[in-house]
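Colleague: Mind looking at a prediction? Sequence and model below.
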Amino acid sequence: MTGQVILELKKQPWLLHLFWLIVLVAVMGSLGVGWENHLQRHGVGFPETGYKTDWDEATTTGEAAWNMRYLEHDIKADTKAAAKLPADRQGDNTAQALMKTMLADYQKHDYRHLNQAILKAAQEDPQAVKSIEELNYLSSNNDELNALMLYMVKHLPNRLIQVDAMTSVTGNFAAIFGLQNYFSAPNGKDAELLTALLLIMGLTLFCDVYFQDRRLTTDTMMRTAPVSGMEQALIRGGVTLGLLNVILLIGAVATLLAMSLLPGHEFGTWLQPLVYTLNSHVGTMSLAQGLGQEWLIINLWWLVFAGLAFCLSLVSRNLLVGMLVLAVVAFANRLQLLGLIAPALRTYVPSAHTVFPSVILYSGSYGEVAFGTVAVTFVVWILALFICGGLIQAARQRLRFAAAR
Amino acid sequence: MFAQLKFDLKKNLFSSTNAVVYVAFVLLLLTTFFLALDQTDSTARQVDGAYQAALQSVTGTIKTLEKDHAKTAKQTAQLNQKYTQRDYLQEIMTLNASVSSPVPMNTPTQLDGALLKYARYNLKKTRQGQTNGLVLINHPDRPTDSTVLGQQKEVTFYRYLALHHLRELPLTQTDVPSDAYLPFQFLRHVSPLLILGVFALQLGQLFTTEKRTGTIRFMNNLPVNKLGLLTARMGTFLVLTLPLFGFALLTVYLIVGLKFGWGNWQYPLVYSPDGRHVAIMTMAKFMGLLILILLAAVLFMMMLSALVSLLSGNFGVNLAVSAAVLLLGTNQVAGSSMGRGVVRWLPSGYFDFSGVITHQTAWPILSIAGGIVVLLAWAAALYGLCALIVSRRQQL
């Protein structure tokens, strides 16, 4: 058993692993540093200044300063507008009072009180909160804002999600995986690139390892190993999956390191909340949970590739046949092939689930699809594929024996 | 030489790679067809919406102007202009509704005529410099271009449609007849880099298989020059893969044709060859040029793959080099400030086939013929390099 693992490790396509490691570190690193350094920079232009955008630095202090500037301007504009109103409608201005409290708390760095004040206002006077642009940014849905602030007050009382999500290392790291749901940031594209890269990595590596023996005509030799064909396939898949995760881990650590070295950014916390709506029920989860779920889906995808490549390697010697089928499965959505499947059945096909952030944050078409459903779908497919591979293997063995007799 | 080619063909004719390449081509070219099967095309509604929006904008202005009783001379002139525009747009809307209805009362030519009249009106006003009150239709398939050139394009386009009795097919429409489907697919939906990538797959497989399976030693013992071996392999590629691509095009043509009709190869594509004049290209000419420039690009990719195969027998390395060269042809690289300076002399500048043909690449290029010459010159240079390496290796 240990011998088999060592053998499989020795047989791994190390050049290909190295290639993907370099590509992944380059892509993840540039996305991460790009997000932190430039893309999430906040600026604001006011009508008084001719909408000329005034940019704040993309640092923790810059973001706080931006929030304060925004509040100061809105308080002034609000006061001006209120002065024009008739006398009987003046006085009761909850929104303005809240903005003033928020600004004072910002200046005192009393974030605990700030979070509590927003939560209280969101619970008591949603209408007033809705009129505050600065909070609308956080979430335009009052239930979501409520859940978010409740989470903050409970778990991270002395931190500001407004600043953390935009400037902290952890917030930006999650954003390159598409896990960021405030400020309607244009994160879809970047997550798309990274997702496609992770899928292509997996499909090339699993095809390579499973097709290797018959391509190099070492399959007869492998049959002399003291483990069954199925065990060999499982060990091979396991070793490759492990190495893929090592590559992903190195990529993640290198990216986090590069992002931490950029000056002016706090590291943040993995407990930062993400907010979602599933079956019209609002909930929150931490970044750690979101990233964990994304890691799980990636691994499930890689296992689907392993099962498929295993089955295909038993019926074809041609690596390209395997790569084509795996690529069609992975990118069926892009190739519009899912259109050929009845809409009700699409949830139960792995090909439908390539937009990982949507699956995790229940956005887009996932508003009523629980994460568990998706995960179970994948597990069932993986089991079915490996069982199918085992059956093909058994049938081939029987044929070989028959031929030998 | 021919014996070698025959031998090589025999080895590769029934390889499953050929099926893979064929299926990959067909799937890439059928994406829009599958989309059309899944979702009802909404382009007709969008076009109608664009006409409606233009008309609403005009009627809105008319309402505001009519309310004002003490009009200045300028306002009266403006109102008259809006009445003219309203008449044009109302005619377009009525004809469009009639042509699109299940029982059409009017012919597409009449609609083309109405659109042509409006385009001519806009062109005249643009030429006179009176662009202020113009209401241009925001066609969903093309950016609205308020320059004289943009208006000339509109006029030329609708004049051609009216003359040839054709109905406009917006580029965004998915259920188009097959004569327009293939050109549209290359114009809008499928990246030429993906198509070239499939060619690169076949090339990588063909050029590295000997080294991988260890039969290269046997091949080297054959009484044939090593360059001859390489050239025979190139011949195999051309004889196998180009017909496969042709069959894929034909398959897609037939599938789409049987479902959505056959269309007309005379359908126009309007473009500006030099940024000043407007020209019309038929779908047939577009496809012809596209295939020419694609052939040149494929020849270049073939020489590149052959050269890499002399240096490494690894399929992955071969594919990675091809992919890297293809990536140089993306907008991000070729269109970057560094790329723009040199890209016209590089093959990568000409991988965006439809952009090259309609002169709309995001970077400066030579003409179509110039592009083909650049591609072929690079191919020849790489072949020369292959010959040099092989002859040095054969020296005793």
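Modeller: Perfect, thanks for sending it. Residues are numbered from 1 along each chain as shown, chains lettered A, B, ... in the order given.

Colleague: Which secondary structure element is home to the residue in the stretch 1-150 of chain A that chain B sits nearest to?
Modeller: In the stretch 1-150 of chain A, the residue that lies nearest chain B is A:Leu16 (5.6 Å; CB to the nearest CB). For glycine as for every other residue, the C-beta is placed from the backbone atoms N, C-alpha and C. For A:Leu16, the enclosing helix or strand under DSSP states H and E is helix A:14-34.

Colleague: quick one: average confidence on that helix?
Modeller: On average, the pLDDT along helix A:14-34 is 92.

Colleague: same thing with stretch B:47-64?
Modeller: For stretch B:47-64, the per-residue pLDDT averages 89.

Colleague: can you give me the offset of that stretch from its chain's centre?
Modeller: Distance of stretch B:47-64 from its chain centroid, counting by CA atoms, centre = their mean, to the nearest Å, is 33 Å.

Colleague: And stretch B:231-241, by the same measure?
Modeller: Relative to the chain's own centre, stretch B:231-241 is displaced by 26 Å; criterion: CA atoms, centre = their mean.

Colleague: could you show me where the strands are in the chain, in order?
Modeller: Here I'm looking at chain A. A:43-44, A:54-55, A:273-278, A:281-286 (DSSP state E).

Colleague: actually it's chain B I care about, not the one you picked
Modeller: Taking DSSP E, the strands of chain B run over residues B:268-271, B:279-282.

Colleague: want to try CSV for these, with mean neighbour count and distance to A:Tyr348 as columns?
Modeller: Output for those, formatted as CSV (neighbours: other CB atoms under 10 Å in any protein chain shown; distance: least, CB to CB, whole Å):
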stretch, mean neighbour count, distance to A:Tyr348
strand B:268-271, 20, 43
strand B:279-282, 16, 46
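
Colleague: Of all the ones you listed, which one comes closest to chain A?
Modeller: Chain A lies closest, by CB to the nearest CB, to one member of the strands of chain B: strand B:268-271, at 24.1 Å.

Colleague: Would you mind writing the CA trace of that closest one as PDB?
Modeller: Taking Å, rounded to 0.1, in the frame of the first residue of the first chain, the C-alpha atoms of strand B:268-271 are listed here in PDB:
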ATOM      1  CA  PRO B 268     -24.000  42.300 -46.600                       C
ATOM      2  CA  LEU B 269     -21.400  43.200 -44.000                       C
ATOM      3  CA  VAL B 270     -20.700  46.900 -43.900                       C
ATOM      4  CA  TYR B 271     -17.200  48.100 -43.000                       C
END
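
Colleague: Please tell me how far the residue positioned nearest the centre of chain A sits from A:Leu241.
Modeller: Geometric centre of chain A, nearest residue: A:Phe177, 3.5 Å, by CA atoms, centre = their mean. In this view, A:Phe177 and A:Leu241 are 19 Å apart by CB to CB, to the nearest Å.

Colleague: can you check A:Leu300 too?
Modeller: As for A:Leu300, its distance to A:Leu241 is 11 Å (criterion: CB to CB).

Colleague: ok, now which ones touch the closest residue to B:Leu171 other than its chain neighbours?
Modeller: Nearest residue to B:Leu171 in three dimensions, chain neighbours excluded: B:Asp141, at 3.9 Å (CB to CB, 6 or more residues apart in numbering or on different chains). Residues near B:Asp141 by CB atoms under 8 Å, 6 or more residues apart in numbering or on different chains: B:43, B:170-173.

Colleague: Take those residues and keep only those in helices.
Modeller: Among these, the members falling in helices (DSSP state H) are B:Thr43.

Colleague: Low-confidence stretches in the chain?
Modeller: I went with chain A, as the question did not name one. A:39-52, A:86-92, A:181-190 (pLDDT under 70).

Colleague: ah, I was thinking of chain B
Modeller: Applying pLDDT under 70 to chain B picks out residues B:1, B:396.

Colleague: Just want the residue of it that's nearest chain A.
Modeller: B:Asp38 (2.7 Å).

Colleague: Report how many residues lie close to residue 300.
Modeller: I went with chain A, as the question did not name one. By the measure other CB atoms under 10 Å in any protein chain shown, the count of residues near A:Leu300 is 19.

Colleague: let's do chain B instead
Modeller: Close neighbours of B:Phe300, defined as other CB under 10 Å, add up to 25.

Colleague: Grab the nearest non-local neighbour of it.
Modeller: In space, not counting the residues next to it along the chain, B:Phe300 is nearest to B:Ala379; the distance is 4.4 Å by CB to CB, 6+ apart.

Colleague: Go ahead and confirm the one you found touches B:Ala297.
Modeller: No - between B:Ala379 and B:Ala297 there is no contact under CB atoms under 8 Å: 9.1 Å.

Colleague: what about residue 388, neighbour count?
Modeller: Just going to use chain A. A total of 15 residues lie near A:Cys388 under the criterion other CB under 10 Å.

Colleague: Chain B, not that one
Modeller: 11.

Colleague: which ones are touching B:Phe351?
Modeller: B:Phe351 neighbours (CB under 8 Å, 6+ apart): B:192-193, B:196, B:297, B:326, B:329.

Colleague: which one of those residues has the most neighbours?
Modeller: B:Ala297 (28 neighbours).

Colleague: ok now do it, which residues does it touch?
Modeller: Contacts of B:Ala297 were listed using CB under 8 Å, 6+ apart, and they are B:192, B:196, B:347, B:350-351, B:353, B:375.

Colleague: picking up where we left off before, identify whichever of the strands of chain A lies nearest to chain B.
Modeller: strand A:54-55 (22.4 Å).

Colleague: With adjacent residues omitted, what lies nearest to the residue of the stretch 201-350 of chain A found nearest chain B?
Modeller: Residue nearest to chain B within the stretch 201-350 of chain A (CB to the nearest CB): A:Gly339, separated by 2.7 Å. Residue nearest to A:Gly339 in three dimensions, not counting chain neighbours: B:Asp38, with 2.7 Å by CB to CB, 6+ apart.

Colleague: now the residue of chain B closest to chain A: how far from B:Thr172?
Modeller: On the measure of CB to CB, B:Asp38 and B:Thr172 end up 16 Å apart.

Colleague: the more surrounded of the two?
Modeller: B:Thr172 (19 against 15).

Colleague: ok, how many other residues are close to A:Ala64?
Modeller: Residues contacting A:Ala64 under the criterion other CB under 10 Å number 19.

Colleague: Correct me if wrong: it contacts A:Gln107.
Modeller: No - using CB under 8 Å, A:Ala64 is not in contact with A:Gln107, being 9.8 Å away.

Colleague: For A:Ala375, give me its contacts.
Modeller: Counted by CB under 8 Å, 6+ apart, A:Ala375 has contacts A:296-297, A:300.

Colleague: Check the burial of A:Gln336 by counting its neighbours.
Modeller: 21.

Colleague: For chain B, what lies in contact range of chain A?
Modeller: B:15-17, B:19-20, B:23-24, B:27-28, B:31-32, B:34-35, B:37-39, B:201, B:205, B:212-213, B:314-317, B:320 (CB under 8 Å from any CB of the partner chain).

Colleague: list the buried ones in stretch A:22-30?
Modeller: A:23-25, A:27-29 (16 or more other CB atoms under 10 Å in any protein chain shown).

Colleague: and if you look at stretch A:241-248?
Modeller: Within stretch A:241-248, judged by 16+ other CB under 10 Å, the buried ones are A:241, A:243-244, A:247-248.

Colleague: near chain B too, which of the residues you listed?
Modeller: Of the buried residues of stretch A:241-248, not one also sits near chain B (CB under 8 Å from any CB).

Colleague: Could you give the number of residues near the residue in the stretch 51-200 of chain A that chain B sits nearest to?
Modeller: Relative to chain B, the nearest point of the stretch 51-200 of chain A is A:Ile200 (10.7 Å; CB to the nearest CB). Neighbour count of A:Ile200, defined by other CB under 10 Å: 17.

Colleague: how near is it to B:Asp141?
Modeller: Applying CB to CB, the value for A:Ile200 to B:Asp141 is 31 Å.
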